[in-house]
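Asks: Provide a 3D model corresponding to the input given below.
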Amino acid sequence: MSTTKQTPSMQEYRNIPIAQLKESSTNPRKTFDEKQLAELADSIRSKGVLLPLLVRPVNGHFEIVAGERRYRASKLAGRDTVPATVRQLSDTECLEIQLIENLLRTDLHPFEEAQGFRVLLDQDSSRYTIEKIAAKTGKPASFIARRLKLLDLTKPVSDAFLAGHIGVEHAQLIAKLAPEVQEDALRHCFEGFYAADDQERSLIPVARLQTWIEHNIYLSLKSVPFSKDDEKLLPEAGSCTKCPKRTGFNTLLFGEICEDSCADAACFNHKLDAHVAQRVVKAPGLVQISTNYQTAQGNTSVVPRRDYVEVVASKKANTQNTRPEQRLCNHLKTAIHTDGVEKGHLVKVCADATCKIHFGHREREEKQRLAYIAERKTEKRNAKRTVSFRHRILAEVLKRAKAPLGPDAVRLLARFLLGSLSHDLACRLAKRHSLEPSKKDQTWELAEKARSLYRVAEDGEIAALLFEAVLIGLAGNTSEAKDDLLVETAKLYKVDLKTLRKETARAEKEKTLKLKTDRTPKAKTGAKPTRN
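Replies: Next up, the predicted model:
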């Protein structure tokens, strides 16, 4: 952008036609509340523009440095001119004034603030630093750094921030994270983060989001296996000591994090991979171990978890009561973890399957497994033989059983059918035969007595007993189907169903009337006592 020759002392006040004013492309404010503009326009109609705009001459027109809201509201109010202070300003001075003027107003969006700070830094890196901008704006340097970090938000997160779905503190926490995890953190900003509609979700407190990030994304540098000062381990990343993604170094951004951590999981894991590769090259005999019980197909260089025992010898090593993983043996080797939370750390392992100390239990377990398999095979073979034998019994019995069945066969049938009665039906049968338990509420005993009625019944009574047991089950059915077996049985024995239904209704009515009579309070008899 070209300007007229700068004359710092040149400044004048005048009324400028609105047609000669142009909006500034460098104004940090990009969004304007239409409702507030309408209210300001109403005020201008009645009282005029109380505070002059600040403008600068540029190529035959006047560029608005400060006061764009007043300019827009004046256009809405239908004014032809507005009061303005005209000053000769350079592009950098213009941007600085715009930024500081807007910072004094509470409705400037933090993302627009960040964009303004970035333009200042890009204008002149020697003149503007975070510390110098902080001094000019009266804001702490950490405030400027956190605002600038907002520009690292991925588009889905920045869109949610600009739309007001998340607050500035949520956005600042997410902006510190690597791009690949920002959207996951955005989802965890909401109570119901699986909801499809933003209106159905509730924003969680900032402290909860920070706790989730610390537990799920930040990686502790407290006990990393590689040197944090090593710049050659991963040349493109440099050392961890002065890395801006390290919480212990970049205190302007991560002042709230107590533990020294890494905010870039991808870089952290690349350094671990490089460290493991470096160790393996330096020590060819180093055993590589995995926490997975199955390693990748074709990868024979890494020993899976099932094939080694990590040994941590105790003070009482090699005693009878010591656990195998605490006992020493002659097969111990140094190994390095290639994955998991211990990735890159060196440990002692036994990977010799013939070791009696660390793999002896596997031999015992294998013997037990084989014995169990053999036992199960024997059980299945015996069960199959038994079933075959019983089917032969069934066939022979049915050859000899001729109709009509004798009393002993009928009694066996009664034993089976009564024994199959449910608890409820058995209790009903017992009640019909006036059976009582030896103790009150012992319904299980009552049911067993009913199931044993076949023992005391006469030969001629058993068929009737079975008939009764079947009909008891039918009587409990509330449906009245056309093929109701109970109704068919009643017709067989010429029961007058119509008369029986009328008698049932009359008995129900009498019972209801009696209940109402019993509930009606009786009138008190006798004369009331009189006072003397």
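Asks: and after the lowest-mean-pLDDT helix or strand in the chain, which helix or strand comes next?
Replies: The weakest-scoring helix or strand in the chain, judged by mean pLDDT, DSSP states H and E, is helix 91-103 (a mean of 75). Next in sequence after helix 91-103, counting helices and strands by DSSP states H and E, comes helix 110-123.
Asks: go ahead and measure how far the least confident helix or strand of the chain is from the middle of the chain.
Replies: Per CA atoms, centre = their mean, to the nearest Å, the displacement of helix 91-103 from the mean C-alpha position of its chain is 45 Å.
Asks: hey, C-alpha coordinates of it in CSV?
Replies: Output of helix 91-103 as CSV, limited to C-alpha atoms (Å, rounded to 0.1, in the frame of the first residue of the first chain):
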residue,chain,number,x,y,z
ASP,A,91,1.5,1.5,7.2
THR,A,92,3.1,0.2,10.4
GLU,A,93,1.9,3.2,12.5
CYS,A,94,-1.6,2.7,11.0
LEU,A,95,-1.6,-1.0,11.9
GLU,A,96,-0.3,-0.3,15.4
ILE,A,97,-3.0,2.3,16.1
GLN,A,98,-5.7,0.0,14.8
LEU,A,99,-4.6,-2.8,16.9
ILE,A,100,-4.2,-0.8,20.1
GLU,A,101,-7.5,1.1,19.5
ASN,A,102,-9.4,-2.1,19.1
LEU,A,103,-7.7,-3.8,22.1
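Asks: surely Ala283 meets Thr334?
Replies: Yes. With contacts counted by CB atoms under 8 Å, Ala283 reaches Thr334, the gap being 7.5 Å. (C-beta placed from N, C-alpha, C; glycine too.)
Asks: any idea how far Leu219 is from Cys262?
Replies: Going from Leu219 to Cys262 by CB to CB, to the nearest Å gives 5 Å.
Asks: spit out the residues that contact these two alike.
Replies: Both Leu219 and Cys262 are contacted by Phe268, under the criterion CB atoms under 8 Å, 6 or more residues apart in numbering.
Asks: the more surrounded of those two?
Replies: Counted by other CB atoms under 10 Å, Leu219 and Cys262 do not tie: Cys262 has more neighbours, with 23 against 16.
Asks: what's opposite the more buried one in the beta bridge?
Replies: Assessed by DSSP bridges, Cys262 has beta-bridge partners Leu219, Arg246.
Asks: list the contacts of it.
Replies: Tyr218, Leu219, Ser220, Leu221, Cys240, Cys243, Lys245, Arg246, Thr247, Phe268.
Asks: local confidence estimate at Ala463?
Replies: For Ala463, the pLDDT comes out at 90.
Asks: distance of the residue nearest to Val309 when sequence neighbours are not counted relative to Arg14?
Replies: Leaving aside its chain neighbours, Val309 sits nearest to His358 (4.2 Å; criterion: CB to CB, 6 or more residues apart in numbering). The gap separating His358 from Arg14 is 93 Å, by CB to CB.
Asks: likewise for Arg327?
Replies: Applying CB to CB, the value for Arg327 to Arg14 is 94 Å.
Asks: out of these two, which sits in the more crowded spot?
Replies: Comparing Arg327 with Arg14 by other CB under 10 Å, the one with more neighbours is Arg327, at 18 against 12.
Asks: for the more buried one, what are phi and psi?
Replies: With angles defined as degrees, to the nearest 10, Arg327 sits at phi -110, psi 150.
Asks: what's the answer for Ala237, then?
Replies: Torsion angles, degrees, to the nearest 10, at Ala237: phi -100, psi -30.
Asks: touching, it and Lys245? I think so.
Replies: No. The pair Ala237 and Lys245 fails to qualify as a contact (CB under 8 Å) at a distance of 9.2 Å.
Asks: rewinding a little: can you list contacts of the least confident helix or strand of the chain?
Replies: By CB under 8 Å, 6+ apart, the residues outside helix 91-103 that reach it are 1, 3, 24, 26-29, 54, 56, 63, 65-66, 89, 108, 112-113, 116-117, 119-120, 123-124, 127, 136-137, 139.
Asks: how about 7 Å then?
Replies: 1, 3, 24, 26-29, 54, 56, 65-66, 108, 113, 116, 119-120, 123-124, 136-137 (CB atoms under 7 Å, 6 or more residues apart in numbering).
Asks: same question for stretch 243-258.
Replies: 141-142, 145-146, 149, 176, 221, 240-242, 260-264.
Asks: and stretch 385-401, how far from the chain's centre?
Replies: Distance, centroid of stretch 385-401 to centroid of chain: 59 Å (CA atoms, centre = their mean).
Asks: where in the chain is pLDDT low?
Replies: Residues of the chain that meet the criterion pLDDT under 70 lie in 1-10, 101-107, 124-125, 192-201, 296-299, 314-321, 521-532.
Asks: could you pull out the strands for it?
Replies: 11-17, 21-22, 53-58, 61-66, 81-87, 219-220, 261-262, 287-289, 302-303, 309-311, 332-337, 346-350 (DSSP state E).
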